[in-house]
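**Q** Take this sequence and fold it.
(one chain, ligands or ions: 1)
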Amino acid sequence: TETSETTMAPSETASHQFQERTDIRNVAIIAHVDHGKTTLVDGLLKQSHIFRENQQVGELIMDSNDQERERGITILAKNTAVNYRGVKINIIDTPGHADFGGEVERVLNMADGCILLIDAAEGPMPQTRFVLQKALELDLKPIVVINKIDRKDARIDQVMEWTQDLFLELAKTDEQLEFPVLYAIGRNGVAMHNPNDEQVNLEPLFETIMRVIPAPRVDLEAPFQMLVAALDYDDYKGKYAIGRVVRGRLTPNSSVARITRDGDISRQKVNLVFTNRGLGRVEIAEAQAGDIIALTGISDANIGETLTDPETPEALPTIAISEPTLKMS
Ligand code: GDP
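**A** You can find the predicted model right below:
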């Protein structure tokens, strides 16, 4: 661990150490509808059990997968967590379109990197351009996956050229132009570094995520703080506030300060705390900074609000909202 120089007020950093959560990766997935996101994530879930010793977890994941299917829920309606060799990869679904409310930014803000999934015949689509632009503005590390290279009408070189052009236009730094590219047939559960490589499994994609997406660097001892990035609801437990724990820890039944976007502070009580596992959620006894969690008990929580330690309530910065640009590339 190193002493941190970034993101926190000096008074806060003085006595604390930033820690690298090498057991976590947070990656957003950006794809145009039908480019194969659901199929690819399904493949990552199914293959994750190959790469771990504990077979049971893989089976559990596939069970919950089937349940989701039966209920007809899109698997990426919620975030998905995939375990790869003991590392939890949180896969964050992004809205596939431009929006004007800052929703895209807040969702992307939970991630440290992104997978841009592109159909090998269709190429990059204008609707995903806005989301990629936001991802690059937030300095997420990109990975490009050219998918469906088995299509008869695949035009890999042309699609790569369009993708390069898109990055040339949107990248904020030269570093963002040095993204890794993988070629995939999501439907067959394979990803390759070169289109003609032997088709084995999705390990090249898992490995690239591990290598390219930075592990969260967090202060676990600082007062708890998270930004509500999304909401969910079910009839049994009511409203779930979803977000990434920016710093500190959270246990069930603890008091938090809820800070509205207008700056109003109220003291409230968290009920249960969950983390993602596979397509489902599991209750946990303690959430730690770096992870993406869902919590119940804050029935009036809204997107964009901060939940934080009640003794030292400090709002997280509201994410700047810029107008979407929808012109064709
Ligand atoms: P999503 O809308 O991005 O989630 O896309 P889906 O995963 O639902 O896939 C859209 C369609 O593309 C489905 O009919 C899939 O069977 C098909 N598909 C997915 N992956 C591949 C692939 O690697 N090759 C081909 N040819 N088709 C694929």
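**Q** A strand includes S266, no?
**A** Yes. Secondary structure assignment places S266 in a strand (DSSP: H, G, I helix; E, B strand; the rest coil).
**Q** Got the confidence number for it?
**A** As predicted, S266 sits at a pLDDT of 96.
**Q** That one touches A257, doesn't it?
**A** Yes. Between S266 and A257 there is a contact at 7.1 Å, judged by CB atoms under 8 Å. Heads up, the C-betas are built off the backbone N, CA and C, glycines and all.
**Q** More neighbours: the two, which one.
**A** Of the pair S266 and A257, A257 is the one with more neighbours under other CB atoms under 10 Å, namely 21 against 13.
**Q** Residues in a beta bridge with that one, which ones?
**A** R267, T308 (DSSP bridges).
**Q** measure it to T312 for me?
**A** 9 Å (CB to CB, to the nearest Å).
**Q** same question, R247
**A** Separation of R247 from T312 (CB to CB): 11 Å.
**Q** shared neighbours of the two, which are they?
**A** Here R247 and T312 have P223 as joint contacts, going by CB atoms under 8 Å, 6 or more residues apart in numbering.
**Q** Looking only at neighbour counts, state which of the two leads.
**A** Remark: of R247 and T312, R247 carries more neighbours, 25 against 13, as counted by other CB under 10 Å.
**Q** tell me, how many neighbours does the closest residue to the more buried one other than its chain neighbours end up with?
**A** Nearest residue to R247, sequence neighbours excluded (CB to CB, 6 or more residues apart in numbering): A222, at 4.1 Å. A222 has 23 neighbouring residues, counting by other CB under 10 Å.
**Q** Look at A222 and report its pLDDT.
**A** 96.
**Q** correct me, but it touches H16?
**A** Yes. Here A222 reaches H16: they are 5.4 Å apart, a contact under CB under 8 Å.
**Q** which stretch of helix or strand covers Q164?
**A** Assigning secondary structure by DSSP states H and E places Q164 in helix 156-170.
**Q** wait, does that helix make contact with the ligand?
**A** No. Using CB under 6 Å from any ligand atom, we find that helix 156-170 stays clear of the ligand, coming within 12.8 Å at best.
**Q** and that helix, what does it pack onto?
**A** Packing partners of helix 156-170 (3 or more CB pairs under 8 Å, 6 or more residues apart in numbering; DSSP states H and E): strand 113-119, helix 126-137, strand 141-147, strand 181-185.
**Q** Show me what the last one packs onto, helices and strands only.
**A** In this structure, strand 181-185 makes packing contacts with strand 141-147, helix 156-170, strand 190-192, helix 203-212, judged by 3+ CB pairs under 8 Å, 6+ apart.
**Q** is the ligand contacted by the last one?
**A** No. On the criterion CB under 6 Å from any ligand atom, helix 203-212 is out of touch with the ligand, staying 12.6 Å away.
**Q** and that helix, C-alpha only, in CSV?
**A** Taking C-alpha atoms only, helix 203-212 is exported to CSV below (Å, rounded to 0.1, in the frame of the first residue of the first chain):
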residue,chain,number,x,y,z
GLU,A,203,-9.7,-16.7,-21.0
PRO,A,204,-8.0,-14.1,-23.2
LEU,A,205,-10.8,-11.7,-22.3
PHE,A,206,-10.6,-12.6,-18.6
GLU,A,207,-6.8,-12.1,-18.7
THR,A,208,-7.1,-8.8,-20.5
ILE,A,209,-9.6,-7.5,-18.0
MET,A,210,-7.2,-8.5,-15.2
ARG,A,211,-4.3,-6.8,-16.9
VAL,A,212,-5.8,-3.6,-18.2
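**Q** buried ones in that helix?
**A** With burial defined by 16 or more other CB atoms under 10 Å, the residues of helix 203-212 counted as buried are P204, L205, F206, T208, I209, V212.
**Q** would you turn those into a markdown table with pLDDT?
**A** Shown next, in a markdown table, are these (pLDDT from 0 to 100):
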| residue | pLDDT |
| --- | --- |
| P204 | 97 |
| L205 | 98 |
| F206 | 97 |
| T208 | 98 |
| I209 | 98 |
| V212 | 97 |
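**Q** which one of the residues you listed is nearest M110?
**A** M110 has its nearest neighbour among those in I209, at 15.3 Å by CB to CB.
**Q** Quickly note the distance from that closest one to the ligand.
**A** From I209 across to the ligand, the span is 18 Å (CB to the nearest ligand atom, to the nearest Å).
**Q** Next one: that residue from I298, what distance?
**A** The gap separating I209 from I298 is 31 Å, by CB to CB.
**Q** Give me the residue at the spatial middle of the protein.
**A** I92 (3.0 Å; CA atoms, centre = their mean).
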